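A.B. asks: Structure for this input, please:
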Amino acid sequence: MSTQTQRSMLLVFLAAILVVPVTMGVTRRLQTQSGPTGRLAVIGQVTVNGTSAISGATVFSDSTVTTAQNSSAVVSLGKLGRVEVMPSSNTKLTFSDTSIHAAMLESGRVRVSSSSGVTGGATTNDGEVVTVGDRMNEFTVDTTCGNTLVSVKKGTVELRAGNSVKQIAAGGQDTAGTARPGCTPGGER
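C.D. replies: A predicted model of the protein is given here:
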């Protein structure tokens, strides 16, 4: 056998040693994902779990979605509903067969739309927003001014902050926390 042939065989062997474990790890990781998944639509610069994302990507529960300025993302969850992550926002999305939650909205705004029988929610530094009842809900949570502003388009939500529970019906809005002086909340509600 020539030296060139031996080198070629060695390279193929080394490649197999390196590629097989990586492929097995990806397969194993995919096999452990269960429950619903979301389909991503992006405008501009969006990352999921720190990796640049494109439209059509699959989003799993417990994924962190971050949008740049002038960028947005929509995670469509089929019959469950959808979550829109507005520009300059960062949130961890969790979802199951019966709930959608924008957990730890650290900055920015999200719009959560949940179908009948699906609980919708969001958590901020100021408190938690949870849908009430089994009907369709659509609400926006805005933290751009340092506080939490909740606006409800459909259904009813509770804004739970400290010992306070405020119920907000369709067409209403309420706040928790203290806004920065002179700040105007961003976007439509």
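A.B. asks: Spatially central, which residue of the chain would that be?
C.D. replies: For the chain, the residue sitting closest to the mean C-alpha position, by CA atoms, centre = their mean, is Leu93 at 3.3 Å.
A.B. asks: Asp142 against Asp126, yeah?
C.D. replies: No. Taking CB atoms under 8 Å as the definition, Asp142 is not a contact partner of Asp126, at 11.3 Å. No exception for glycine: its C-beta is placed from N, CA and C like everyone else's.
A.B. asks: Spit out the residues that contact these two alike.
C.D. replies: Residues touching both Asp142 and Asp126 (CB atoms under 8 Å, 6 or more residues apart in numbering): Thr148.
A.B. asks: What residues are bridge-paired with the nearest residue to Met86 once chain neighbours are set aside?
C.D. replies: Nearest in space to Met86, with sequence neighbours left out and distances taken as CB to CB, 6 or more residues apart in numbering, is Arg109 at 4.0 Å. With beta bridges defined as DSSP bridges, Arg109 has these partners: Asp142.
A.B. asks: burial of Ala179, as a residue count?
C.D. replies: Around Ala179 sit 16 other residues, with neighbours defined as other CB atoms under 10 Å.
A.B. asks: separation between it and Gly146?
C.D. replies: For Ala179, the distance to Gly146 (CB to CB, to the nearest Å) stands at 6 Å.
A.B. asks: returning to that earlier point: can you list phi and psi of the residue nearest to the centre of the chain for me?
C.D. replies: For Leu93, the backbone dihedrals (degrees, to the nearest 10) come out as phi -100, psi 130.
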